[in-house]
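Asker: Structure for the following, please:
(chains A and B)
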Amino acid sequence: MAGVDLYQGSAGQHRPLSPHLQIYRPLFTMMMSIAHRITGAALYGGTLLLVWYLVAAASGPSAFATAAWFLHSLIGQLILLGFTWALFHHLLGGVRHMIWDAGYGFAHPVREWLAQATLIGGLLLTAIVWGLAYFIL
Amino acid sequence: MTKSASTRFAENRLRSRTAAKAATSEAWYMRVTSIALIPLSIGFVWLILCLIGKDYAAARALLGQPIPAILMLLFLLAGIVHMKIGMQSIIEDYVHTGHLKEGALIGNLFFSILVGVACAYAVLKLSFT
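Answerer: Numbering: from 1, shown residues only, chains lettered A, B, ... in the order given. Now for the predicted structure:
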C-alpha cells in the first residue's frame, strides 16, 4: 500500500467522504462531544506543566522557585484554572461514556440530562476545588 | 433495560474485530485506564491542593512520601496510556496524509513516553534522595 493515499485514490480522484461536522445543525450533545475531545487534547498539552513542576522540584531550589513563580503568576493561575476545569469536564464526560458503554443513557431526555450534568458538574467541581484552594486551605 | 440497537451494533463490531488485536486492545485499555483515572485524578487534585503554598523543602518532603509518590506513579501510568491512545485516535480521525500521519503518530508516542519518564524520574528522585 506504500504511496497510495486511501482518501484520494491511486489516480488522485476525489472519493465521496461521509458528511462532517459543518453539515449538521449544532446540537448540545454534539458540542459536549467536541468539548470532551478538546479538553482531552488540552490535558495532553497540560502535562508539560506537571513535568515542569516535578522536574523543577527534583532539580533544586532555583528551578523550583522559577516554576512556582510562573504558577503563581496571572497566566499561570489562568492555565491552572483551565486545567482544573478540563480535568473535571473530561472526567465526567468519561463517566458518561462508561454509562453508554454499559448500554444505557442513549434515549432522548436521558442523553440531554447526562450532557447537562457533565457541563454543570465540571464547572461546580472546579469552583469547589478553587474555593478550597483560595479560601479554606 | 434492554440495550439499544446501536449498542448491540457497536458491541458486535468490537467483537468482530478480534483479528485486529491492536484496535481491540486499545479500545479496552482506554476503558480500563478511564476507570482507574476516576479515583487517581481525585487523588491527584487532592495532592495538588496539599502542595499549594508549600515552599521548596516542604513540597519535596510531601512528594517524596510513600502514599503521594505511589499515587503520582499510578496516576502517571494510567494517564500516559490513556492520553497516548486518545491523541492517537484524534490523529487517526483528522490526519490522513501518509508521512504527516506517521510523523504525528510517532511524535505522539515520543511525547507520551517523555512526559511519563520525566515525571516518574522526578518522583522517584524525590522519594529516594
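Asker: which stretches of chain A have low pLDDT?
Answerer: A:1-15, A:137 (pLDDT under 70).
Asker: the helices in it, which residues?
Answerer: A:28-59, A:61-72, A:74-101, A:108-131 (DSSP state H).
Asker: Kindly provide the distance from the nearest residue to A:Leu81 once chain neighbours are set aside to B:Leu49.
Answerer: Excluding its sequence neighbours, the residue lying closest to A:Leu81 (CB to CB, 6 or more residues apart in numbering or on different chains) is A:Trp130, at 6.7 Å. Backbone N, C-alpha and C define where each C-beta goes, glycine included. A:Trp130 sits 10 Å away from B:Leu49, going by CB to CB, to the nearest Å.
Asker: go on, B:His96?
Answerer: 42 Å.
Asker: So, low pLDDT: which residues of chain B?
Answerer: Confidence mapping of chain B against pLDDT under 70 gives the ranges B:1-3, B:9-21.
Asker: which ones are touching the residue nearest to the spatial centre of it?
Answerer: For chain B, B:Gly79 is the residue whose C-alpha lies nearest the centre (CA atoms, centre = their mean; 2.2 Å). B:Gly79 makes contact with A:Thr47, B:Thr33, B:Leu37, B:Leu40 under the criterion CB atoms under 8 Å, 6 or more residues apart in numbering or on different chains.
Asker: Next: A:Ala41.
Answerer: With CB under 8 Å, 6+ apart, A:Ala41 has these contacts: B:Gly86, B:Met87, B:Ile90.
Asker: can you redo the residues you listed as JSON lines with neighbour count?
Answerer: Listed next are the contacts of A:Ala41 as JSON lines, based on neighbours: other CB atoms under 10 Å in any protein chain shown:
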{"residue": "B:Gly86", "neighbour count": "23"}
{"residue": "B:Met87", "neighbour count": "21"}
{"residue": "B:Ile90", "neighbour count": "16"}
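Asker: so B:Leu109 sits right up against B:Met83, yeah?
Answerer: No. At 11.2 Å, B:Leu109 and B:Met83 do not qualify as touching, with contact defined as CB atoms under 8 Å.
Asker: Any figure for the gap between the closest residue to A:Arg37 other than its chain neighbours and A:Ile99?
Answerer: Distance criterion CB to CB, 6+ apart; nearest residue to A:Arg37, sequence neighbours excluded, is B:Ile90 at 6.5 Å. From B:Ile90 across to A:Ile99, the span is 22 Å (CB to CB).
Asker: can you give me phi and psi for A:Gly105?
Answerer: Main-chain torsions, A:Gly105, degrees, to the nearest 10: phi 80, psi 20.
Asker: who's in contact with it?
Answerer: A:Arg96, A:Ile99, A:Arg111, A:Leu114 are the contacts of A:Gly105 under CB under 8 Å, 6+ apart.
Asker: Make sure the second one is actually in contact with A:Ala115.
Answerer: So the one you mean is A:Ile99. No. Applying CB under 8 Å as the test, A:Ile99 and A:Ala115 come out as separate, 11.4 Å apart.
Asker: is the helix or strand B:Ser127 falls within anywhere near chain A?
Answerer: Element membership of B:Ser127 [criterion: DSSP states H and E] is helix B:98-128. Yes. Using CB under 8 Å from any CB of the partner chain, helix B:98-128 reaches chain A at B:Gly98, B:Val115, B:Ala118, B:Cys119, B:Tyr121, B:Ala122, B:Val123, B:Lys125, B:Leu126.
Asker: Can you lay out those as a markdown table showing neighbour count?
Answerer: Converted to a markdown table, the residues of helix B:98-128 next to chain A look like this (neighbours: other CB under 10 Å):
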| residue | neighbour count |
| --- | --- |
| B:Gly98 | 14 |
| B:Val115 | 20 |
| B:Ala118 | 19 |
| B:Cys119 | 23 |
| B:Tyr121 | 13 |
| B:Ala122 | 22 |
| B:Val123 | 23 |
| B:Lys125 | 17 |
| B:Leu126 | 21 |
